[in-house]
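In: Requesting a structural model of the entry that follows:
(2 chains)
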There are 2 protein chains.
Amino acid sequence: MENFNFYSPTEFVFGKETEREVGHLLKRFNANKVLLHYGGGSIIKSGLYDRVVKALNDENIDYVELGGVRPNPIDSLVYEGIKLSREEAVDFVLAVGGGSVIDSAKAIAAGVHYDGDFWDFYDHKAVVNKALPVGTILTIPAAGSEGSSATVITKESDRLKRGMGSNLLRPKFSIINPELTYTLPFWHTAAGIVDMISHIFERYLSQTQDVILTDRLSESTLISIIEAGRKLIDEPNDYEARATICWAGTIAHNGILGVGREEDWVTHGLEHQLSAVYDMTHGAGLAIMFPAYMLYTLDEDLERFYRLATTVFGVPSNHYHKKAVAIEGIQRLKAFYRALGMPVTLQEGNVKKEDFPTIMTLLEKNMGKTFGNFKKLTLEDAQKIYELAWE
Amino acid sequence: MENFNFYSPTEFVFGKETEREVGHLLKRFNANKVLLHYGGGSIIKSGLYDRVVKALNDENIDYVELGGVRPNPIDSLVYEGIKLSREEAVDFVLAVGGGSVIDSAKAIAAGVHYDGDFWDFYDHKAVVNKALPVGTILTIPAAGSEGSSATVITKESDRLKRGMGSNLLRPKFSIINPELTYTLPFWHTAAGIVDMISHIFERYLSQTQDVILTDRLSESTLISIIEAGRKLIDEPNDYEARATICWAGTIAHNGILGVGREEDWVTHGLEHQLSAVYDMTHGAGLAIMFPAYMLYTLDEDLERFYRLATTVFGVPSNHYHKKAVAIEGIQRLKAFYRALGMPVTLQEGNVKKEDFPTIMTLLEKNMGKTFGNFKKLTLEDAQKIYELAWE
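Out: Model (predicted):
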């Protein structure tokens, strides 16, 4: 087990009707002027927008608003948010939405007190030293941004999709009401499930040995996500399954399932280029890339893949043919993603083979010539993984 | 799943030699004058005391010290700590030790800014509105106080052992170096293991249905603790097993394994009277009381005990005789505690039958006439559980 810091200071307020507490929470965290940040019309249609505005008014909390965050949030809206926040002397950013809205909110929170271009943080030319406090009301369980230090923004001009993290950007509070997710199109529920599973895999596929407690907690969370995911295919309004997905999505990315291990995140890197080129849903891209990555890296730690197959995917043990068992586990992961309606090949994801060179160029630009921890990969390896993912 | 708040803001700094970071951490949390609070000579003998003092001096952090915390920490030392902290204008309490030292530090931290008698908090006549920040260097994995809101203090005059909790008392940081636990007498390691297992059981034995993710995380942690505990019987200096025990002890009590469920804590209540009368090690008392409590409450949720037996204790499934399987699970828990060298009956714990009336009187004084959530218990039930625990 490696040394680690685990710090997850967010207050998670979880359960039915908890969005009603947003006014009190903002008061407790000394918010005077709030930037209300959100995406499209779904929170207006569902009535959540009205409930939030009412909660703010009830507590006499002043606010300005900035909607329009898109999936794969872009830099231009962040610049707009920073400008607006400065002009209006905003002292708290409230994100109402999914990971894209929260990531955009974090970028604004980091940028307001920074003299330079906020993109410096994503370019790793600067680190966040001061940020506005952020709070969230989560509507899409997926990215885990409600409990994480991380944010991913796309620079439109260069199609650069980049992430950065700072403990200063961990939300002060996150309100998670599973009922708010009933109205999600199933596609988003499914893509969110893939995303949270991937957050666990990026930590689980590690060369650090002897972190058995973290491994077991990860496997338990994976089992619970898959079980709840299957349930939601038939019963999308099952509260307990929705609640499991919501909470699992949060702990999948607040750090608790990574402690003591070297993490990886290379598959996220492989995916980011796809969503940068095609504006693909992140979870859909991960459903394509992870099985291919796993098949490619199987021999790096066959025991681990064997354990994943038997413990999480219920493949019967067979000590004589561990590799076959391990591969069957990956096939079952693919089958689960298919059952959720996700694409599991690049073809199914409408990727064009003639775009491979563009993807590879972007990959090199974003990640360099070598990357990865579980297995050290070159650009050639990456090309092979994309090819494995083709069909 | 019930609505919940989960809030664990402590920064956990975990691993080898991490006590070296204490000076930097105190600086980061703006400590100017520290109360260095500890127990007996063990941290002096081990050299930890000197290392901590050096770290404070290196950062030019002023401090006063108060040693002498005993297991089952007492009110008189808390009064002394409050007086000293006021006189010396202490602005940070650093606890170096196990749960008793940390609990005593929390009591001092809560009392300094309170005009009345600090015991009011434990009497539930007052709530903590302001407290000094607390940091910890953990030397005994057991109580989980390094990540919890809770503190338990014994009022010597009345032999009242009482707990209270406040999020304001959650440590700002906790340094956990598993190597510091190598020199613990095995008795303390064993009692600590029982304590952390009991913290999970108090949450796991719940009537709240459908909190499957939390259940699975709890089972994974229990399996890991038992596995590491068995290892330490033979190899007390195994780093990975020590690390597992340390981290498991923290997450067993920071709240993550209780979310969404009604908790219980009645077995802690049954035990507290034993340690108040006999100054018994808390973990030893729990090793005696939990198996008896489980046998007494078996029929409240046989399915749960069946699952515990099969999943955690490896009892073979037998759907025709679930009760026998469940009982075998409890027997295996007892066998594990015996293997650790813990007493598992009141007789083995040197409790005297003629003291039963005293224990029952204390129990009523501390807990009233009815108590418990998993099963509602009366004083008569409690008497029967003590009798079940006799031999």
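
In: in the host helix or strand of A:F356, what counts as buried?
Out: Assigned by DSSP states H and E, A:F356 belongs to helix A:356-367. Of the residues in helix A:356-367, those buried by neighbour count under the rule 16 or more other CB atoms under 10 Å in any protein chain shown are A:359-360, A:362-363, A:366-367. For glycine as for every other residue, the C-beta is placed from the backbone atoms N, C-alpha and C.

In: ok, which of the residues you listed also contact chain B?
Out: By CB under 8 Å from any CB of the partner chain, no member of those lies near chain B.

In: out of the residues you listed, which one sits closest to A:Y38?
Out: Nearest to A:Y38 among the buried residues of helix A:356-367: A:N366, at 28.0 Å, using CB to CB.

In: my read: that closest one touches A:R159, true?
Out: No. Using CB atoms under 8 Å, A:N366 is not in contact with A:R159, being 9.5 Å away.

In: quick one on the thing from earlier: what helices or strands is the helix holding A:F356 leaning on?
Out: Where contact means 3 or more CB pairs under 8 Å, 6 or more residues apart in numbering or on different chains; DSSP states H and E, helix A:356-367 is packed against strand A:160-165, helix A:266-278, helix A:379-388.

In: Please repeat the previous calculation with a cut-off of 7 Å.
Out: helix A:266-278, helix A:379-388 (3 or more CB pairs under 7 Å, 6 or more residues apart in numbering or on different chains; DSSP states H and E).

In: follow-up on the earlier one: adding pLDDT, write the buried residues of helix A:356-367 out as TSV.
Out: Converted to TSV, the buried residues of helix A:356-367 look like this (pLDDT from 0 to 100):
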residue	pLDDT
A:I359	95
A:M360	96
A:L362	92
A:L363	94
A:N366	88
A:M367	91
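
In: show me where the stretch 101-250 of chain A has strands.
Out: Taking DSSP state E, counting those that start in this stretch to define them, one finds strands in the stretch 101-250 of chain A at A:134-138, A:150-155, A:160-165, A:173-176.

In: residues from the stretch 151-300 of chain A in reach of chain B?
Out: By CB under 7 Å from any CB of the partner chain, the part of the stretch 151-300 of chain A that sits against chain B consists of A:210, A:212-213, A:216-217, A:220-221, A:223-224, A:240, A:243-244, A:247-248, A:256.

In: Any idea which of the residues you listed the model trusts least?
Out: Minimum pLDDT for these is recorded at A:D210 (85).

In: Now for the closest residue to that residue other than its chain neighbours, how many residues are close by?
Out: The spatial neighbour of A:D210 that comes closest, neighbours along the chain excluded (CB to CB, 6 or more residues apart in numbering or on different chains), is B:E240 at 4.2 Å. Residues contacting B:E240 under the criterion other CB atoms under 10 Å in any protein chain shown number 18.

In: What's the separation between A:Y386 and B:Y49?
Out: 57 Å (CB to CB, to the nearest Å).

In: more neighbours, the two?
Out: A:Y386 (22 against 18).

In: just to revisit the earlier point, among the helices and strands packed on helix A:356-367, show the one with the smallest mean pLDDT.
Out: Of all those, helix A:266-278 has the smallest average pLDDT, which comes to a mean of 92.

In: Let's see the pLDDT reported for the spatially most central residue of chain A.
Out: In chain A, the C-alpha nearest the mean C-alpha coordinate belongs to A:A143, at 2.2 Å (CA atoms, centre = their mean). We have a pLDDT of 95 for A:A143.

In: tell me the contacts of it?
Out: A:98-99, A:195 (CB atoms under 7 Å, 6 or more residues apart in numbering or on different chains).

In: In chain A, where's the longest strand?
Out: strand A:4-14 (DSSP state E).

In: which residue packs closest to A:G98, ignoring adjacent ones?
Out: Leaving aside its sequence neighbours, A:G98 sits nearest to A:I140 (CB to CB, 6+ apart; 3.0 Å).

In: you'd agree that neighbour is up against A:S100?
Out: No. Using CB atoms under 7 Å, A:I140 is not in contact with A:S100; the gap is 8.4 Å.

In: Give me the secondary structure label for A:E65.
Out: With DSSP: H, G, I helix; E, B strand; the rest coil as the basis, A:E65 sits in strand.

In: related to what we said a few turns ago, mind giving me the ChimeraX select for the contacts of A:A143, buried ones only?
Out: This is how ChimeraX selects the buried members of the contacts of A:A143, with burial counted by 16+ other CB under 10 Å:
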select /A:98,99,195
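
In: Of the contacts of A:A143, just say which sits nearest to chain B.
Out: Nearest to chain B among the contacts of A:A143, counting by CB to the nearest CB, is A:D195 at 17.0 Å.

In: Next, work out how far apart that closest one and B:V34 are.
Out: Separation of A:D195 from B:V34 (CB to CB) stands at 44 Å.

In: cool, and A:M1?
Out: Taking CB to CB, one finds A:M1 at 30 Å from B:V34.

In: Domain parsing of chain A, as residue ranges.
Out: Listed domain ranges for chain A are A:11-180, A:185-388 (source: automatic domain parsing).

In: Kindly reformat those as CSV containing distance to B:G349.
Out: CSV is the format used below for the domains of chain A (distance: least, CB to CB, whole Å):
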stretch, distance to B:G349
domain A:11-180, 39
domain A:185-388, 30
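
In: So which bits of stretch A:162-169 are buried?
Out: Quick answer for stretch A:162-169 (16+ other CB under 10 Å): A:162-166, A:168-169.

In: Okay, now it: how far is its last residue from its first?
Out: 16 Å (CA to CA, to the nearest Å).

In: which of the strands of the stretch 101-250 of chain A sits most buried?
Out: Mean neighbour count, computed with mean count of other CB atoms under 10 Å in any protein chain shown, is highest for strand A:134-138 among those, reaching a mean of 29.

In: can you tell me how far the residue lying closest to A:N32 once chain neighbours are set aside sits from chain B?
Out: Computed as CB to CB, 6+ apart, the closest residue to A:N32 that is not its neighbour in sequence is A:D91, at 5.4 Å. Counting by CB to the nearest CB, to the nearest Å, the gap from A:D91 to chain B is 20 Å.

In: Might one say that A:D91 is in contact with A:A31?
Out: Yes. Assessed by CB under 7 Å, A:D91 is found in contact with A:A31 at 6.3 Å.

In: ok, the two, which is more surrounded?
Out: A:A31 (26 against 17).

In: Does that one touch A:I61 like I think?
Out: Yes. Between A:A31 and A:I61 there is a contact at 6.1 Å, judged by CB under 7 Å.

In: list the helices and strands the helix or strand encompassing A:D50 packs on?
Out: Assessed by DSSP H and E, A:D50 sits inside helix A:48-58. Where contact means 3+ CB pairs under 7 Å, 6+ apart, helix A:48-58 is packed against helix A:22-28.

In: tell me the mean pLDDT for the next helix or strand along the chain from the helix it packs on?
Out: Using DSSP H and E, the helix or strand that follows helix A:22-28 in sequence is strand A:33-38. On average, the pLDDT along strand A:33-38 is 98.

In: residues making contact with strand A:33-38?
Out: A:26, A:56, A:61-67, A:69, A:81, A:84-85, A:88-97, A:101, A:104-105, A:108.

In: Select only the buried ones of these in PyMOL?
Out: To isolate the buried ones among these in PyMOL, judged by 16+ other CB under 10 Å, type:
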select buried, chain A and resi 26+56+61+63+64+65+66+67+69+81+84+85+90+91+92+93+94+95+96+97+101+104+105+108
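
In: State the number of residues packed around A:P178.
Out: The number of residues packed near A:P178 is 23, by other CB under 10 Å.

In: Give me the pLDDT value at it.
Out: 98.

In: And A:R159, by the same measure?
Out: The model's pLDDT for A:R159 equals 80.

In: Might one say that it is in contact with A:I359?
Out: No. Assessed by CB under 7 Å, A:R159 is found out of contact with A:I359, at 10.4 Å.

In: ok, residues contacting stretch A:254-270?
Out: Contacts of stretch A:254-270 (CB under 7 Å, 6+ apart): A:1-2, A:4, A:6, A:8, A:144, A:147-148, A:198, A:200, A:202-203, A:205-208, A:211, A:214, A:217-218, A:221, A:251, A:286, A:289-290, A:293, A:366-367, A:371-374, A:377, A:382, A:385, B:256.

In: Thanks a lot, catch you later.
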